[in-house]
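Peer 1: what's the 3D shape of this:
(2 chains)
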Amino acid sequence: MTNPITPLPRLYPGMHLGETDPETHKAAEESVFGFWVFLMSDAVLFALLFAVYETLVRHTAGGPGAAQLFHLKSTLIETLVLLTSSFTFGMASLIMKFKRHIRMLQFVLILTLILGLAFLGFEINDFAKLTRSGAVPQSSAFLSAFYVLVSTHFLHVLSGCIWLVVMVIQLSAFGLDEMVKTRLLRLGIFWHFLDIVWIFIFTFVYLLEML
Amino acid sequence: METGMNLGRELRDYVIGMVMALILTGTAFALIVKNDWPIRTRFIAIVICAILQLLVHFRYFLHIDLKKSHRDDLQLILFSGFIIALMVGGMLWVVFNENMRMM
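Peer 2: Numbering: from 1, shown residues only, chains lettered A, B, ... in the order given. Okay, here's the model as predicted:
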């Protein structure tokens, strides 16, 4: 038995269940660490897509450049929506850890899902506007790099949304057992990671090109 | 109660993180609208905002800190950071050099 007095080791970064559920805390160690290894390789992928974007951003092939195409307002809305969803996921993690109230947890996860879908909706709207004005991926190296980077992030958020749906269903089916808890821990890290990638997208892809 | 206190502390962390992230995001966007500063100053300020926001998200949302007990993971993140710096730095260096020679 784990002695609840001695603090449990913290062997990975991220939300820890700690004393609230020592068994799952131990079980989560390996799977969450493995997930961190995956996320870091994903971070390398994104970093290189950013580097590609930076090298190609001036190569507009006579077409429109970043300053003419991007709009501050939609970027700001997307940023705030995704940031808020990161916060609501944090609330979901706290409910999972301390309250263990399944209905409340599902409500906050669905709230996060709605914010995630709203973010995707705003991005689809952006892409549609770009396409209507003739800014398609094949029109210049700059736009190819832009679409590859931003839609890779888009697909990550989309898979995060699918994962959220699966977790809401699993909470109904299995309740808050060890498996569901460790999956929610990993989804939380994934969701916060995507928001961090977005910080760099709005800074390097949008803002700095609007200066 | 111990658990209640921990909940309060962790909730406070998320709120602090959210407020700091909002301030940094707002500053970065405001710097685009503010036209009377030189571009170079605003460029550097926006990059600093992004790096600070990265650290805020790491600390308050992902709970990454410098505590000794999980140094292994810190090493994983630092090593990945090092790899990224090598590959991105090397790529930008080589490609921009090539661009310059082709002018």
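Peer 1: Every contact and neighbour count from this point should use C-alpha atoms.
Peer 2: Will do.
Peer 1: Contact residues of chain A facing chain B?
Peer 2: Residues of chain A lying near chain B by Cα under 8 Å from any Cα of the partner chain: A:9-15, A:20, A:33, A:37, A:40-41, A:44, A:47-48, A:51, A:54-55, A:72, A:76, A:80, A:83-84, A:86-87, A:90-91, A:94, A:98, A:189, A:192, A:196, A:199-200, A:203, A:207-208, A:210-211.
Peer 1: Among those, the buried ones, what's the ChimeraX command?
Peer 2: Those of the residues of chain A next to chain B that count as buried under 16 or more other Cα atoms under 10 Å in any protein chain shown are selected in ChimeraX with:
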select /A:10,11,12,13,14,15,33,37,40,44,47,48,51,54,55,80,83,84,86,87,90,91,94,189,192,196,199,200,203,207,208,210,211
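Peer 1: so of the residues of chain A next to chain B, which ones are in helices?
Peer 2: Mapping the residues of chain A next to chain B onto helices (DSSP state H) picks out A:33, A:37, A:40-41, A:44, A:47-48, A:51, A:54-55, A:72, A:76, A:80, A:83-84, A:86-87, A:90-91, A:94, A:189, A:192, A:196, A:199-200, A:208, A:210.
Peer 1: Over to the residue lying closest to residue B:20 once chain neighbours are set aside. Which of the three states is it?
Peer 2: Distances taken as Cα to Cα, 6 or more residues apart in numbering or on different chains put residue B:56 closest to residue B:20, at 7.1 Å, once the chain neighbours are dropped. Applying DSSP: H, G, I helix; E, B strand; the rest coil to residue B:56 yields a three-state assignment of helix.
Peer 1: Spit out the contact partners of residue B:56.
Peer 2: Residues counted as contacts of residue B:56 (Cα atoms under 8 Å, 6 or more residues apart in numbering or on different chains) are B:17, B:20, B:21.
Peer 1: Okay, it and residue A:196: tell me how far apart.
Peer 2: Applying Cα to Cα, to the nearest Å, the value for residue B:56 to residue A:196 is 10 Å.
Peer 1: now residue A:18
Peer 2: On the measure of Cα to Cα, residue A:18 and residue A:196 end up 25 Å apart.
Peer 1: With residue B:101 instead?
Peer 2: Distance from residue B:101 to residue A:196, by Cα to Cα: 35 Å.
Peer 1: now swap in residue B:100 and tell me
Peer 2: Relative to residue A:196, and taking Cα to Cα, residue B:100 is found at 32 Å.
Peer 1: so what's residue A:17 closest to, chain neighbours aside?
Peer 2: Residue A:17 sits nearest to residue A:25 (Cα to Cα, 6+ apart), 5.3 Å away.
Peer 1: Same check on residue A:70?
Peer 2: Using Cα to Cα, 6+ apart, the closest residue to residue A:70 is residue A:206 (6.7 Å).
Peer 1: just for chain A, where's the confidence low?
Peer 2: Residue ranges of chain A with pLDDT under 70: A:1-15.
Peer 1: Next, the contact list for residue 76, please.
Peer 2: Picking chain A for this. Applying Cα under 8 Å, 6+ apart, the residues contacting residue A:76 are residue B:29.
Peer 1: switch to chain B, that's the one I care about
Peer 2: residue A:37.
Peer 1: secondary structure element for it?
Peer 2: Assigned by DSSP states H and E, residue B:76 belongs to helix B:71-102.
Peer 1: quick one: buried residues of that helix?
Peer 2: Quick answer for helix B:71-102 (16+ other Cα under 10 Å): B:71, B:73, B:74, B:77, B:80, B:81, B:84, B:87, B:88, B:91, B:92.
Peer 1: out of those, which one sits closest to residue A:132?
Peer 2: residue B:92 (32.0 Å; Cα to Cα).
Peer 1: pretty sure that closest one is touching residue A:55, no?
Peer 2: Yes - using Cα atoms under 8 Å, residue B:92 is in contact with residue A:55, at 6.7 Å.
Peer 1: which outside residues touch stretch A:101-111?
Peer 2: With Cα under 8 Å, 6+ apart, stretch A:101-111 has contacts from A:85, A:88-89, A:91-92, A:95-96, A:164-165, A:168, A:171-172, A:175-176.
Peer 1: what two of those have the greatest distance between them?
Peer 2: A:85 and A:175 (23.0 Å).
Peer 1: Looking at these two, which has the bigger crowd around it?
Peer 2: The neighbour comparison of residue A:85 against residue A:175 (other Cα atoms under 10 Å in any protein chain shown) goes to residue A:85, with 25 against 16.
Peer 1: ok, that one to residue A:78 distance?
Peer 2: 11 Å.
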